[in-house]
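J.: below is the sequence, then the predicted model.
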Amino acid sequence: MAAMLAEETSEQMQNIYIPLPLGLHTGFCIIATIVYILEIYRKKSLHYLFMMLAVDATMLMHAFPNATMVAVLAVMEVLLLGTAGVMAYMEHKKRKLAEKQAEQAVTEQTDTDVQPQQQGGEAQS
């Protein structure tokens, strides 16, 4: 398997900007896209969409293999991955705040349930 991959890679290494042959790169992008779509569906988080777009944008190098496209792709990758990182951080903070508020609500509910029982017990004594 490794020998076949090495042979395929060496035969198709015509582009200095793309280290992977088109078939292998396409397969990688398809698998990554499926994984990110599943994560978007499972976790309901849009930062996976930006990560998927960043991975799939690398396919543009096969269509336009030149130095200008490398620069454009670099800017696109920084923007897409930066947006994904910021969105993931914001969602994490929002989730932590919601967990803290839910914990406080449970604590307050428990406190209000305990107080009437204590007062009732004192009145009967």
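T.: Yep, it's here. These numbers were taken from a predicted model, which means no experiment stands behind them.
J.: residues in contact with the residue nearest the centre of the chain?
T.: Ranked by distance to the mean C-alpha position of the chain (CA atoms, centre = their mean), the top residue is Tyr48 at 3.5 Å. Counting by CB atoms under 8 Å, 6 or more residues apart in numbering, Tyr48 makes contact with Tyr36, Glu39, Ile40, Ala84. Using the backbone N, CA and C atoms, a C-beta is placed for each residue, glycine as well.
J.: any idea how far it is from Ala98?
T.: 20 Å (CB to CB, to the nearest Å).
J.: what's the answer for His92, then?
T.: 11 Å.
J.: try Leu79
T.: 28 Å.
J.: what about these two, which has more around it?
T.: A direct count of neighbours by other CB atoms under 10 Å for Leu79 and Ala98 places Leu79 higher, at 13 against 10.
J.: for that one, give me phi and psi.
T.: phi -70, psi -50 (degrees, to the nearest 10).
J.: what comes into contact with stretch 89-100?
T.: So stretch 89-100 is in contact with Ser45, His47, going by CB under 8 Å, 6+ apart.
J.: buried sites along that stretch?
T.: Residues of stretch 89-100 classed as buried: none (neighbour count, 16 or more other CB atoms under 10 Å).
J.: let me know the next secondary structure element after the worst-scoring helix or strand of the chain on mean pLDDT.
T.: Every helix and strand in the chain was compared by mean pLDDT, DSSP states H and E; the lowest is helix 2-11, with a mean of 57. Of the helices and strands lying after helix 2-11 in sequence (DSSP states H and E), the nearest is helix 22-43.
J.: now do that next one: which elements does it pack against?
T.: For helix 22-43, the packing partners by 3 or more CB pairs under 8 Å, 6 or more residues apart in numbering; DSSP states H and E come out as helix 2-11, helix 47-57.
J.: so for that helix, what gets flagged as buried?
T.: His25, Cys29, Ala32, Tyr36, Glu39, Ile40.
J.: many thanks, I have nothing further to ask.
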